[in-house]
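Enquirer: Got a predicted structure plus its sequence, pasted below:
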There are 2 protein chains.
Amino acid sequence: MVESRRGASHRTPRLTPNNHESARILVGDCVAQMATLPAESVDLVFADPPYNLQLQNDLRRPDDSKVDGVTDDWDKFGSFKEYDEFTHAWLKACKRVMKPSATLWVIGSYHNIFRVGAILQDLDFWILNDVVWRKSNPMPNFRGRRFTNAHETMIWASRDPGGKGYTFNYEALKAGNDDVQVRSDWTFPLCTGDERLKNSDGKKLHPTQKPEALLARVILSASRPDDLVIDPFSGTGTTGAVAKKLGRRFIGFERDPDYAKAAIKRINAVAPLEAPSIAPFVTAREAQRVPFSALIERGFISPGANLVDSKKRHKALVRADGAVMLGEKVGSIHRIGALAQGLEACNGWTFWHVETRKGLLPIDDLRAKVRAEMN
Amino acid sequence: MVESRRGASHRTPRLTPNNHESARILVGDCVAQMATLPAESVDLVFADPPYNLQLQNDLRRPDDSKVDGVTDDWDKFGSFKEYDEFTHAWLKACKRVMKPSATLWVIGSYHNIFRVGAILQDLDFWILNDVVWRKSNPMPNFRGRRFTNAHETMIWASRDPGGKGYTFNYEALKAGNDDVQVRSDWTFPLCTGDERLKNSDGKKLHPTQKPEALLARVILSASRPDDLVIDPFSGTGTTGAVAKKLGRRFIGFERDPDYAKAAIKRINAVAPLEAPSIAPFVTAREAQRVPFSALIERGFISPGANLVDSKKRHKALVRADGAVMLGEKVGSIHRIGALAQGLEACNGWTFWHVETRKGLLPIDDLRAKVRAEMN
DNA sequence: CTTGCGAGTGAATCATTAG
DNA sequence: ACTAATGATTCACTCGCAA
């Protein structure tokens, strides 16, 4: 059950694995609240900080109706310096609670994203991508003085330089994208219709509610089921709702009790998806390691057999110990494959084949059979 | 004639209005060279500074070939601090020579653009838009560890807060975009093929040459004929070549004499377009609907070409910005098509044709090709 | 003439584990 | 800490040449 807590009186949250209901909103300043979390406990951060918009005057549409812009107090900063200090503080708080393998996403517009990005770099985060959210239905530029502001920018960064060990569900994303790598520009419509939370008067409850589709792609890209996701500026709880739906644990931080209340109600109404639909995609990269010798031990290949490449230009002899020979040279399937081609490196699993009655069979297919046996 | 000058010995450049051949490259450090220009003399700045890529190791494709990355000395900086100082210096030099009405464009990637943007704001520039160049054919992510880095970011800023009085050819852009406002995300292919300058050995002359279509849209958006355009990091002279073609004056700055030499040769070979195809126009606001300028940007139709109807009863002149002219009247393909027939409305896509060796071709067929390119 | 195929390439912060 | 070994990995487009 989602619960709301005020103040910093509680200790370490009790977060049990496989409890998909462990989602909560902590009401208060995110920097103070994050201090209550243990260090290195978080897998993924998504942050939608105030944009520091600096709207000077009312903006009016051609029919003279007033555009309902962001004029809330939480978006007021006196200067870039003040905004930078604020940004520095919450990013540093995030860094403390992030696991070494964690990554962080921040969304913003040209008003604030350059400051956020520079501070991220100054704090020794490591930018992995900037990702553009292209809005399929942006608000036009009513004055005709600029290009239609049709996108927002997200920065995806790992905690430390080099950025190793982070989660990126490459194969799953690619499979869902007609087998083509997902690019750094994503197209989604704005959050409208039933998804947009409304006040009792029918007005939008929050000025910058993000679409769930955007959060779903973020969470599916960079986390796994049961991971802990946090959102320092939780607002109406979009991140929490999507995290819960996708079987991730969640902690949100929100200063405004009304937003927090709405978020709790919203998250409570979410039913997590069934496990199979969110189960991690087991890929070759993540699968249990099967050494080449296992193919011999299991009888899929006999010592003394020959390996050939797909065009039968090279032939290697299989030794009983799992090494292979090409002429006088002995080595791994990878090293000998590289040697055969005169290359620095080679994936022996895809390079080498065995001859069968039905033609050439990549030894990678035999590895798949061994893996199946092991499960 | 384009000329190259070394050092800072010359005085104020003599730049006569309506002299479309007044394009020059000054060889040397751009900050030192800009100091030789008078204050408040420039209308438009386009800058493609070093990105500070910080590449560590070499990268290989799946076929083990090596990726030809940017390893030039001019992209090496010791630290963010050093890069920031460099950025601060050239932006400040730009600000001095900019007219109060001038605007500046900077292009970059996530490696540097956040620092550039923050420094722009610190220097009291006023960001008008960030514009995303979506690459239709980016290099993939070979290791499958990130999203395909498929875009670069441009920042468009006016010299002073409030940003009043700057040039934005809203009507022409809209007319060239089938009567829809141009958005902040632009799609263009990389600079390849004949447009890409090559060394005598057939290798690319410059590692980061930008496509002319991108520069054309920048210059058409934010300047007028005879305006003075400068480029602090002129490289192979793309900005100068496009500026000359579009009837703008140009001064480029380039440290490397070899690049400067190639740029001069390139710019000398450019013939300015005829005046009618680039003349600014002002119309009442019009409303209608679908991108004609893409056909020009992609090279399917040349500025100055004629469109005709299927029976060759009407003929319209194609402008560089994507609007078309019939007599004195300027507007979108739809509006001008309607005007030609004395009708209220017209679908310009099916009405207008281009003449080819094989006969008349509806421009809608060309649109289909562009669509195919963009997918 | 067109079509097909193989090679090449573009601003890229592009790995993890065992020893 | 480091080195060495293992192993995973590409999209859109252009050009040249063969068929």
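Expert: Cool, got the structure.
Enquirer: gap between A:Ile119 and A:Val106?
Expert: Taking CB to CB, to the nearest Å as the criterion, A:Ile119 is separated from A:Val106 by 10 Å. Any C-beta I mention is one placed from the backbone N, CA and C, and that applies to glycine too.
Enquirer: ok, those two, which is more surrounded?
Expert: Between A:Ile119 and A:Val106, A:Val106 has the larger neighbour count (other CB atoms under 10 Å in any protein chain shown), namely 27 against 23.
Enquirer: Next, the more buried one: secondary structure please.
Expert: strand (DSSP: H, G, I helix; E, B strand; the rest coil).
Enquirer: Is it correct that it is in contact with A:Ala118?
Expert: No - A:Val106 lies out of contact with A:Ala118 (CB atoms under 8 Å); the separation is 11.9 Å.
Enquirer: Tell me where the model's unsure across the stretch 101-250 of chain A.
Expert: Residue ranges of the stretch 101-250 of chain A with pLDDT under 70: A:178.
Enquirer: Walking through it, point out its helices one by one.
Expert: Along the stretch 101-250 of chain A, counting by DSSP state H, counting those that start in this stretch, helices occupy A:113-122, A:170-175, A:212-222, A:238-245.
Enquirer: Could you identify which of the ones you listed is most buried?
Expert: Among the helices of the stretch 101-250 of chain A, helix A:238-245 has the highest mean neighbour count (mean count of other CB atoms under 10 Å in any protein chain shown), at a mean of 27.
Enquirer: quick one, it and helix A:212-222 angle?
Expert: 60 degrees (axes from the mean of the first three to the mean of the last three CA atoms, to 10 degrees).
Enquirer: Show residues contacting helix A:238-245.
Expert: With contact meaning CB atoms under 8 Å, 6 or more residues apart in numbering or on different chains, helix A:238-245 is reached by A:2, A:20-21, A:23, A:25, A:46, A:191, A:209-212, A:215-216, A:219, A:229, A:231, A:234, A:249-250, A:252, A:263, A:266-267, A:270-273.
Enquirer: go with 7 Å
Expert: Contact with helix A:238-245 is made by A:20, A:23, A:25, A:46, A:209-210, A:212, A:215-216, A:219, A:229, A:231, A:234, A:250, A:252, A:263, A:266-267, A:270, A:272-273, as judged by CB atoms under 7 Å, 6 or more residues apart in numbering or on different chains.
Enquirer: same thing with stretch A:302-316?
Expert: The contact list for stretch A:302-316 (CB under 7 Å, 6+ apart) reads A:296, A:317-320, A:324-326, A:336, A:340, A:351-355, A:360, A:363.
Enquirer: from the stretch 151-300 of chain A, which residue is nearest to DNA strand C?
Expert: Proximity of the stretch 151-300 of chain A to DNA strand C (CB to the nearest atom of the strand) peaks at A:Lys164, 3.3 Å away.
Enquirer: Dump the helices of the stretch 101-250 of chain A to a markdown table, plus distance to DNA strand C.
Expert: Below are the helices of the stretch 101-250 of chain A laid out as a markdown table (distance: least, CB to the nearest atom of the strand, whole Å):
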| stretch | distance to DNA strand C |
| --- | --- |
| helix A:113-122 | 6 |
| helix A:170-175 | 10 |
| helix A:212-222 | 13 |
| helix A:238-245 | 23 |
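Enquirer: Which of those helices sits closest to A:Lys203?
Expert: helix A:238-245 (17.9 Å; CB to CB).
Enquirer: How about the residue of the stretch 251-375 of chain A found nearest chain B, nearest residue that isn't a chain neighbour?
Expert: Nearest residue of the stretch 251-375 of chain A to chain B: A:Leu343, at 4.7 Å (CB to the nearest CB). In space, and not counting its chain neighbours, A:Leu343 is closest to B:Asp64: 4.7 Å by CB to CB, 6 or more residues apart in numbering or on different chains.
Enquirer: cool, A:Asp72 as well?
Expert: Per CB to CB, 6+ apart, closest to A:Asp72 is A:Pro207, 6.6 Å.
Enquirer: ok, now A:Pro138?
Expert: Counting by CB to CB, 6+ apart, A:Pro138 lies nearest to A:Ala150, which is 4.1 Å off, once chain neighbours are set aside.
Enquirer: centroid residue for chain A?
Expert: A:Ala222 (2.2 Å; CA atoms, centre = their mean).
Enquirer: ok, now how distant is the residue of chain A positioned farthest from its centre from DNA strand C?
Expert: Computed with CA atoms, centre = their mean, the residue of chain A farthest from its C-alpha average is A:Glu328, at 47.9 Å. A:Glu328 sits 25 Å away from DNA strand C when distances are taken as CB to the nearest atom of the strand, to the nearest Å.
Enquirer: related to what we said a few turns ago, now the residue nearest to the centre of chain A: how far from A:Tyr51?
Expert: Note on A:Ala222: its distance to A:Tyr51, by CB to CB, is 22 Å.
Enquirer: Find the nearest non-adjacent residue to A:Lys369, please.
Expert: The shortest distance from A:Lys369 to any non-neighbouring residue, by CB to CB, 6+ apart, is to A:Phe300 (6.6 Å).
Enquirer: A:Leu26 now?
Expert: A:Gln33 is the one closest to A:Leu26 (CB to CB, 6+ apart), at 4.5 Å.
Enquirer: Near the one you found, how many residues? Count them for me, please.
Expert: 25.
Enquirer: Next: A:Ala35.
Expert: Using other CB under 10 Å, A:Ala35 has 12 neighbouring residues.
Enquirer: what does chain A have sitting close to DNA strand C?
Expert: Residues of chain A found near DNA strand C (CB under 7 Å from any atom of the strand) are A:Gln121, A:Trp126, A:Ile127, A:Leu128, A:Asn129, A:Gly162, A:Gly163, A:Lys164, A:Gly165, A:Tyr166.
Enquirer: pLDDT value on A:Met374, please?
Expert: Looking at A:Met374, its pLDDT stands at 63.
Enquirer: ugh, wrong one, A:Leu53
Expert: Here the pLDDT value assigned to A:Leu53 is 60.
Enquirer: Relative to B:Asn177, how far out is the nearest residue to A:Asp321 once chain neighbours are set aside?
Expert: With CB to CB, 6+ apart as the criterion, A:Asp321 has its nearest non-adjacent residue at 6.7 Å, and that residue is A:Ser293. Between A:Ser293 and B:Asn177 the distance is 63 Å, computed by CB to CB.
Enquirer: One more: A:Glu297?
Expert: 65 Å.
Enquirer: what about the longest helix seen in chain A and chain B, any contact?
Expert: Longest helix in chain A, counting residues (DSSP state H): helix A:80-97. Yes - using CB under 7 Å from any CB of the partner chain, helix A:80-97 reaches chain B at A:Phe80.
Enquirer: Number of residues surrounding the residue nearest to A:Leu343?
Expert: Considering only other CB under 10 Å, B:Asp64 is surrounded by 14 other residues.
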